[in-house]
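model this:
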Amino acid sequence: MTHEPILVLAATGGQGGAVTDALLVHGARIRALVRDPGRSAARQLADRGVEVVAGSLSDPGSLAAAMKGVAGVFAFTTPFEAGVEAEVEQGRAILAAAARERVPHLVFSSVAGADQDSGVPHFESKARIEAELAAGDVPYTILGPTYFFDNALGGAERILDGVLDLPLPPDRPLQQLARPDLGAFAAEVLLNPAPYVGQRIELAGDAPTPSQMAAALGAALGREVRHEYVPLTAIGNPDMHAMWSFLNGPGYRVDIRALHDAHPEIRWTGFADWARRTWATGD
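Residues are numbered from 1 along each chain as shown. Just a heads-up that it's a prediction; the model follows:
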């Protein structure tokens, strides 16, 4: 176990939180970059023994200060606050700080399909960051998670009313991942980087169809849930329209069996298990 801390960016978010949880299980020293250390989520991290520092993904100075003396960095960028160009600038700020501080290993959480010329704006922005990372001097590993199970929670009220809205045919598999499985995989890479340096690894835990997802949700809730197809023409957001067009077309292409066989140490949650744990208390 390294004595230097591992820096987790956006540590109070979904991905950063999952990585932090997994690293804590291993007893790792963690430094967490957060926008506001006074917020309850940040204080809870501090209560768990995490070193919490203030900073921004778009501020190279605070990023470099947070990266001083670390064993590795878990990096994450988002287009959903200020757009894809802002996301690329976040990536550049992270890479510049990592190069300045000679970070020994940077794990970048991108997205599955970013290397497929997908035409999805928030995939393409991550592809640009990946390209700059690969062209630089910082040792890196790129992780490409697929669609997260938790995305279904955006339609929680509709699901509780018995309807799963998805812009996919009922029999079209959708590769997906539990956030804790991303966290566990990232922790493994951060704590044992040598086998992973220079690799790009896409991650999926299951590939249920919308019909199977609805059935699993119904079983968890104890009542019928049916899938309702949402036409692509009904999706007004251009980024989301492009993403669902991609998922209806080439889609993700993780070799799930090979991935799971190569990494039996990860629990690899199935959608039905996630649904049972997430929704069993629903009424």
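
mind listing the helices for this protein?
According to DSSP state H, the chain carries its helices in the segments 14-25, 40-47, 60-67, 84-100, 121-135, 156-160, 179-191, 210-221, 238-248, 256-262, 271-279.

Please point out which parts of the second one sit buried.
Looking back up the chat, that one is helix 40-47. Judged by neighbour count using 16 or more other CB atoms under 10 Å, the buried positions of helix 40-47 are 42, 45. All C-beta spots, glycine's among them, are computed from the backbone N, C-alpha and C.

next one: stretch 245-262
In stretch 245-262, counting by 16+ other CB under 10 Å, buried: 245-247, 251-252, 254, 256, 259.

Grab the CA positions of it and hand them over as PDB.
The C-alpha coordinates for stretch 245-262 follow below in PDB (Å, rounded to 0.1, in the frame of the first residue of the first chain):
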ATOM      1  CA  SER A 245     -29.200   7.700 -31.900                       C
ATOM      2  CA  PHE A 246     -25.700   6.200 -31.300                       C
ATOM      3  CA  LEU A 247     -27.200   3.700 -28.800                       C
ATOM      4  CA  ASN A 248     -29.900   2.700 -31.400                       C
ATOM      5  CA  GLY A 249     -27.100   2.400 -34.000                       C
ATOM      6  CA  PRO A 250     -23.600   1.000 -33.300                       C
ATOM      7  CA  GLY A 251     -23.900   1.300 -29.600                       C
ATOM      8  CA  TYR A 252     -21.400   0.300 -26.900                       C
ATOM      9  CA  ARG A 253     -19.400  -2.800 -27.800                       C
ATOM     10  CA  VAL A 254     -17.800  -4.000 -24.600                       C
ATOM     11  CA  ASP A 255     -16.900  -7.700 -24.600                       C
ATOM     12  CA  ILE A 256     -18.600  -8.200 -21.200                       C
ATOM     13  CA  ARG A 257     -17.800 -11.900 -20.800                       C
ATOM     14  CA  ALA A 258     -14.100 -11.300 -21.500                       C
ATOM     15  CA  LEU A 259     -14.000  -8.300 -19.200                       C
ATOM     16  CA  HIS A 260     -15.600 -10.300 -16.300                       C
ATOM     17  CA  ASP A 261     -13.400 -13.300 -16.900                       C
ATOM     18  CA  ALA A 262     -10.300 -11.100 -16.700                       C
END
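
picking up where we left off before, with respect to burial, which of the helices of the chain scores highest?
Neighbour counts (mean count of other CB atoms under 10 Å) averaged over each of these peak at helix 179-191, with a mean of 23.

coming back round to it: can you lay out the helices of the chain as CSV showing mean pLDDT and distance to residue 7?
Converted to CSV, the helices of the chain look like this (pLDDT from 0 to 100; distance: least, CB to CB, whole Å):
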stretch, mean pLDDT, distance to residue 7
helix 14-25, 96, 10
helix 40-47, 94, 13
helix 60-67, 95, 6
helix 84-100, 94, 10
helix 121-135, 96, 16
helix 156-160, 95, 33
helix 179-191, 98, 10
helix 210-221, 97, 35
helix 238-248, 96, 29
helix 256-262, 98, 26
helix 271-279, 95, 28
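
between these, which one is nearest to residue 147?
For the helices of the chain, distance to residue 147 was read as CB to CB. The smallest value, 7.6 Å, belongs to helix 238-248.

Measure how far that closest one is from the centre of its chain, please.
In terms of CA atoms, centre = their mean, to the nearest Å, the centre of helix 238-248 is found 18 Å from the chain centre.

closest one to residue 107 among the helices of the chain?
Of these, nearest to residue 107 by CB to CB is helix 179-191, at 5.4 Å.

quick one on the thing from earlier: now flag whichever of the buried residues of stretch 245-262 is closest to residue 120.
Proximity of the buried residues of stretch 245-262 to residue 120 was ranked by CB to CB; the top entry is residue 246 with 5.2 Å.

from memory the closest one sits against residue 114, does it?
No: judged on CB atoms under 8 Å, residue 246 makes no contact with residue 114 at a distance of 10.7 Å.

quick one: contacts for the closest residue to residue 186 other than its chain neighbours?
Distances taken as CB to CB, 6 or more residues apart in numbering place residue 19 nearest to residue 186, at 4.7 Å, with adjacent residues excluded. Shown in contact with residue 19 (CB atoms under 8 Å, 6 or more residues apart in numbering): 8, 11, 74, 182-183, 186-187, 190.

Right, I'll call it a day here.
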